[in-house]
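Predicted model and sequence follow; I will ask about them next.
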Amino acid sequence: MSNKVVTRFAPSPTGFLHIGGVRTALFAYLWAKKNGGQFILRIEDTDKKREVAGSIEQIMRSLSWLGISWEYGPDKPSPDFGSCLQSERLATYKSYAERLVEKGLAYPDTRSAEELDALRDKAQAEGRPFLVREHRPKEFETWDGQSTLRFKVSELKRYTWHDVVRGQLSAGEEALDDFIIMKADGFPTYNFAHIIDDLEMGVTHIFRTDEFISSTPKFLSLYEALEIKHPIFTTLPPIMGPDGKKKLSKRDGAKDTLDYAKDGYLPSALCNFLALIGWNPGGEQELFFTEDELASVFSLEKIQRSGGAFNEEKLRWMNSEHLKQLGREAQTAYVTKGLPDSVTTAPQYSDERLARAVPVIIERIHNLVELRELFAAGEFDWLFKEPSYDPELLKWKNDDSVHAAKSRLQHVLGLLETTDFSSPEAVKNALWGYAEEIGRGEVLWPLRVALSGKERSPDPFMCAYILGPEETQKRVATACAKIAG
RNA sequence: GGCCCCAUCGUCUAACGGUUAGGACGCAAGGUUUUCAUUCUUGAAAUCGGGGUUCGAUUCCCCGUGGGGUCACCA
């Protein structure tokens, strides 16, 4: 046995992977990565009824998109411990179960669910807690290897244990009972299977949210019965909904992780954001653009105890920061991906012009949803289509009439003939002197309107640069013509 | 209800028992700019309440209060 850190993420395949699950996976992954250890993706598919077809693939795609990669997973069994799907590990659970039976620490329970419900109802009616251990048979029958198997809790005591995040935790014997470890359908329960698997897979650190604190005494009694050491417990705070009250759940609108991909969130931004719910780097830096950066500063000591709300506003901001960080090519690919068809089929569309426009687009959006909205609202119609606008729009606020703009535009037209269009700055250099001389607004407002047809748009030099010399001259000429007289 | 966990601006959070309680998102007001966006500056905004311990509590202890979790042949 080496000292290598081994962590795992162990979702059940009951649907898409939501943000809460991803955060747990991310922490486990970062810890393994930081320590040069292994991260395992284990699928806890022990409840056939709840299983949703396709969700294993969905989970794998979600994690892959985020850049969370696994050493072993459902698609990659281990040479040492075998499959990462619990449904393929039934023999292992059975052999451990038999060991417990032999030791007299587990017994078959053939009572029906109805019988147990009746007992439970009775206890409830009498106002006392229902404990199976109070109805434990005097003598255990032999286990046929198929019927329900119950763990016999051997020692009723108060358990105290250490949690990396929470410190000393404890719970009394009321938390202990004879719980089921093997179900009538031959599958193990979570309570049993995860312990066996963590042992078999050499898991050193368990990351899970605090809903598991109250069942930890159960696990501890089982670790004792199996005479094994338990992994290090790392309890994560829950992610709360935007109201900060209740836990974020699918029912409360927790989205499929892949929806964030569709909405144009970058994996690095989502990881960055999720890492900061329930953990902080200590200093004042909160932007981490790569997983390596994140992993290198990640620490268990800085994991938070209290729940954190999911603040979508901050995620939007963080995404825009990550977008700005992207190289020009990546930004272009990003924008291209979000473009509606109506744009690429516009009369003047060209990849070159789009590439030149990318910075002004990136500057105005936080995600692809906003990009689509801006384009749908016609914000960028001028890019690939001659703008149509009311000539009155060309009138600068200090002018009495739009006619004042005509001669200025004509002068600009002259300047444009010898203008260097290699960069927005070059265009600016060519026109700035004239604008300074006549008045900035007097020249630049009508010019910008001539190019974009809009009251609000990027500055005229940028517009001209994007449109190119020919189109720029054409639009300025058109504007001149629009002004009567 | 029993048991368990948690508690700093609206939100995410920082602060060896000693700070004007800091930063970020968002919000507001200004600056830069022909407009929008970007950007810059500034501002408003918090230690849940009550008791202790201490020269001194955001910090340690107790009690409240509030919130959350858990009590399955679900994970």
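Thanks, I have the structure now.

In stretch A:283-290, which residues are buried?
A:288-289 (16 or more other CB atoms under 10 Å). From N, CA and C alone the C-beta is placed, and that goes for glycine too.

Off-centre distance for it?
17 Å (CA atoms, centre = their mean, to the nearest Å).

does any bit of that stretch sit next to RNA strand B?
Yes - using CB under 7 Å from any atom of the strand, stretch A:283-290 reaches RNA strand B at A:284, A:286.

how long is that stretch from one end to the other?
17 Å (CA to CA, to the nearest Å).

Contacts (any at all) between RNA strand B and stretch A:164-176?
Yes - contact between stretch A:164-176 and RNA strand B, assessed by CB under 7 Å from any atom of the strand, occurs at A:166-167, A:169-172, A:174-175.

Where strands are concerned, which of those residues count?
Mapping the residues of stretch A:164-176 next to RNA strand B onto strands (DSSP state E) picks out A:167, A:169-171.

re earlier: TSV for the residues of stretch A:164-176 next to RNA strand B, including neighbour count and distance to A:Leu156?
Formatted as TSV, the residues of stretch A:164-176 next to RNA strand B follow (neighbours: other CB atoms under 10 Å; distance: CB to CB, whole Å):
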residue	neighbour count	distance to A:Leu156
A:Arg166	16	23
A:Gly167	8	24
A:Leu169	18	18
A:Ser170	11	14
A:Ala171	18	12
A:Gly172	11	9
A:Glu174	11	9
A:Ala175	18	10
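
Among those, which pair sits farthest apart?
For the residues of stretch A:164-176 next to RNA strand B, the farthest-apart pair by CB to CB is A:Gly167 and A:Glu174; their separation is 21.7 Å.

other SSEs contacting the host helix or strand of A:Glu313?
Assigned by DSSP states H and E, A:Glu313 belongs to helix A:312-325. Judged by 3 or more CB pairs under 8 Å, 6 or more residues apart in numbering; DSSP states H and E, the packing partners of helix A:312-325 are helix A:267-275.

buried ones in the helix it packs on?
In helix A:267-275, counting by 16+ other CB under 10 Å, buried: A:267-275.

Can you list the neighbours in contact with that helix?
Residues from elsewhere that reach helix A:267-275 (CB atoms under 8 Å, 6 or more residues apart in numbering): A:19, A:22-23, A:26-27, A:30, A:65-67, A:257, A:260-261, A:286-291, A:294, A:298, A:314-315, A:318-319, A:321-323.

That helix vs helix A:312-325, what angle?
In terms of direction (axes from the mean of the first three to the mean of the last three CA atoms, to 10 degrees), helix A:267-275 departs from helix A:312-325 by 140 degrees.

can you give me the mean pLDDT across the next helix or strand after helix A:267-275?
Per DSSP H and E, helix A:267-275 leads on to helix A:291-297 as the next helix or strand towards the C-terminus. Averaged across helix A:291-297, pLDDT comes to 95.

One more: stretch A:233-241?
Per-residue scores along stretch A:233-241 average to 94.

Please compute how far the lowest-mean-pLDDT helix or strand in chain A lies from its chain's middle.
Ranking every helix and strand in chain A by mean pLDDT, DSSP states H and E puts helix A:113-125 at the bottom, with a mean of 86. Remark: helix A:113-125 is offset 42 Å from the chain centroid, using CA atoms, centre = their mean.

Could I get the buried residue list for that helix?
Buried, per 16+ other CB under 10 Å, within helix A:113-125: A:Leu119.

With stretch A:11-30 instead?
A:11-13, A:15-30.

repeat for stretch A:245-252
A:247-248.

Just checking that stretch against RNA strand B, any contact.
Yes - using CB under 7 Å from any atom of the strand, stretch A:245-252 reaches RNA strand B at A:245-247.

Strands of the stretch 301-450 of chain A, residue ranges please.
For the stretch 301-450 of chain A, strands defined by DSSP state E, counting those that start in this stretch occupy the ranges A:308-309.

which stretches of it aren't confidently modelled?
Scanning the stretch 301-450 of chain A for pLDDT under 70 picks out nothing.

near RNA strand B, which residues of it show up?
Within reach of RNA strand B by CB under 7 Å from any atom of the strand, the stretch 301-450 of chain A has these residues: A:302, A:304-309, A:311, A:313-314, A:316-317, A:363-364, A:435, A:440-441, A:444-445, A:448.

about what we covered before: next SSE after the least confident helix or strand of chain A?
Assignment by DSSP H and E places the next element after helix A:113-125 at strand A:149-151.

circling back to that earlier point, can the ones in strands among the residues of stretch A:164-176 next to RNA strand B go into JSON lines with extra columns for distance to A:Tyr190?
Output for these, formatted as JSON lines (distance: CB to CB, whole Å):
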{"residue": "A:Gly167", "distance to A:Tyr190": "25"}
{"residue": "A:Leu169", "distance to A:Tyr190": "20"}
{"residue": "A:Ser170", "distance to A:Tyr190": "22"}
{"residue": "A:Ala171", "distance to A:Tyr190": "18"}
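
tell me which of those residues is nearest to A:Arg158?
Nearest to A:Arg158 out of these is A:Ser170 (CB to CB; 6.1 Å).

Let's verify the closest residue to that closest one other than its chain neighbours: helix, strand, or coil?
Leaving aside its chain neighbours, A:Ser170 sits nearest to A:Thr160 (4.1 Å; criterion: CB to CB, 6 or more residues apart in numbering). Recorded secondary structure, A:Thr160: strand (DSSP: H, G, I helix; E, B strand; the rest coil).

wait, what's in contact with A:Thr160?
Contacts of A:Thr160 by CB under 8 Å, 6+ apart are A:168-170.

Could you measure from it over to RNA strand B?
9 Å (CB to the nearest atom of the strand, to the nearest Å).

go on, A:Trp70?
For A:Trp70 relative to RNA strand B (CB to the nearest atom of the strand), the value is 17 Å.

and the nearest residue to A:Pro340 once chain neighbours are set aside, how far is that from A:Asp351?
In this structure, A:Pro340 finds its nearest non-sequential neighbour in A:Phe375, 5.5 Å apart by CB to CB, 6+ apart. According to CB to CB, to the nearest Å, A:Phe375 and A:Asp351 sit 16 Å apart.

Restricted to strands, list the residues of stretch A:245-252 next to RNA strand B.
Nothing among those maps onto strands, per DSSP E.

Identify, from those residues, the entry nearest to A:Pro231.
For the residues of stretch A:245-252 next to RNA strand B, the nearest to A:Pro231 is A:Lys247 (24.1 Å; CB to CB).

re earlier: pick out whichever of the ones in strands among the residues of stretch A:164-176 next to RNA strand B sits closest to A:Gly104.
Of these, the one sitting nearest to A:Gly104 (CB to CB) turns out to be A:Ala171, at 24.7 Å.

Run through the residues that contact the spatially closest residue to the closest one that is not a sequence neighbour.
Using CB to CB, 6+ apart and skipping residues adjacent in sequence, the residue nearest A:Ala171 is A:Pro217, 4.8 Å away. Neighbour list for A:Pro217: A:159, A:171, A:175-176 [criterion: CB under 8 Å, 6+ apart].

I'd like those residues as a markdown table, with pLDDT appended.
Converted to a markdown table, the contacts of A:Pro217 look like this (pLDDT from 0 to 100):
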| residue | pLDDT |
| --- | --- |
| A:Tyr159 | 93 |
| A:Ala171 | 91 |
| A:Ala175 | 88 |
| A:Leu176 | 93 |
